[in-house]
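Student: sequence? don't have it. structure:
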C-alpha cells in the first residue's frame, strides 16, 4: 500500500491555499456568463490553469514518477483491477437506478465516449490526486485532507444535484485504489468508464455552473 505524499513540505496555510486554487478558479469560471460556456475559451482557460498548476509544482519540486502514478514499474493492470473494483458499486448503482426509472438505453455515441472520456478523466485525476490531495493532506492531515479533496471536487460540479455528490463519492472510492497502487492510467480508465456510461447510456446531465440552468 502506498503512503501519502511524503516530500511536500509546505506551511499549512500555503498548502491549503494551493489546494483551493484550482477549485476556486474553475468554479468561478463556470459561473461566468457567457465566457464559461464557450468551448474555445474553456480550452484556453484549461491550458492557462494547467500552466499555473505545473509552474507551482515545478517551483516546489515535482513528485516522482511513482508518486505521480506514472511509473513504468507500477503494475498498472493490477491497479486497474483495484480502480474498477472501487467504482463497480457506483456503476452498478447508477445502472440499476436508470433501469428502474426507465432512463437506461443505448446511445450510438457510447463507444466513442468510452474511448474519449479517459483522456479528460486523466487530466482531472492528475489535478485531484497529484496536485490537490497532497496539499490538502499537508494542510489538514490524511483523513481530513481526503475528505476535503472529495468535497472540493464535488463543489466544482455544483449545482448539478447528481454530478456533485457523485463526484464526492468518486474521489473517495478511487482513493482506495490510489492508496494501493498509484496509477493515473488506472484511475483515468475507471473514471472514464463511469463518466461515459452516465453520459451516453443513462444521459445524466453533465452541466455545471450556469450551464445547469439552461
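Tutor: Nice, thanks for sending it over. If you're wondering where the values come from, they're calculated on a predicted model, not measured in any experiment.
Student: who's in contact with the lowest-mean-pLDDT helix or strand in the chain?
Tutor: Scoring the helices and strands of the chain by mean pLDDT, DSSP states H and E places helix 39-60 at the bottom, with a mean of 88. Contacts to helix 39-60, defined as C-beta atoms under 8 Å, 6 or more residues apart in numbering, come from residues 8, 10, 18, 21-22, 25-26, 29, 35-36, 63, 123, 127, 131. Just so you know, the C-beta spots here come from the backbone N, C-alpha and C atoms, and that holds for glycine as well.
Student: Stretch 181-195 too?
Tutor: 2, 66-71, 74-76, 78-80, 82-84, 86-87, 90-91, 94, 113-114, 116-122, 124-126, 129-130, 170, 174, 177-178, 206.
Student: Type out the ChimeraX command that picks the buried ones from these.
Tutor: This is the ChimeraX syntax for the buried subset of the contacts of stretch 181-195, where burial follows 16 or more other C-beta atoms under 10 Å:
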select :67,68,69,70,74,76,79,80,82,83,84,86,87,90,94,113,114,117,118,121,122,124,125,126,129,130,170,174,177,178
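Student: out of all of them, which helix in the chain is the longest?
Tutor: If you go by DSSP state H, the chain has its longest helix at helix 76-100.
Student: Beyond it, next helix or strand please.
Tutor: helix 110-125 (DSSP states H and E).
Student: Between helix 110-125 and the longest helix of the chain, find me the angle.
Tutor: Angle of helix 76-100 versus helix 110-125, following axes from the mean of the first three to the mean of the last three C-alpha atoms, to 10 degrees, is 120 degrees.
Student: Tell me the buried residues in the least confident helix or strand of the chain?
Tutor: 45, 49, 53, 57, 60.
Student: Show me what the longest helix of the chain is packed against.
Tutor: On a contact count with 3 or more C-beta pairs under 8 Å, 6 or more residues apart in numbering; DSSP states H and E, helix 76-100 meets helix 163-180, helix 184-196.
Student: Can you add mean pLDDT and distance to residue 109 and give these back as JSON lines?
Tutor: Shown next, in JSON lines, are those (pLDDT from 0 to 100; distance: least, C-beta to C-beta, whole Å):
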{"stretch": "helix 163-180", "mean pLDDT": "94", "distance to residue 109": "18"}
{"stretch": "helix 184-196", "mean pLDDT": "95", "distance to residue 109": "9"}
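Student: Single out the most deeply packed of those helices.
Tutor: For these, average neighbour numbers computed from mean count of other C-beta atoms under 10 Å are highest in helix 184-196, which has a mean of 24.
Student: Pull the distance from that one to the chain's centre.
Tutor: Here helix 184-196 is found 9 Å from its chain centre; the criterion is C-alpha atoms, centre = their mean, to the nearest Å.
Student: Just the residues contacting the longest helix of the chain, thanks.
Tutor: By C-beta under 8 Å, 6+ apart, helix 76-100 touches 103-104, 166, 169-170, 173-174, 176-177, 180-183, 185-187, 189-191, 193-194, 197-198, 201-202, 204.
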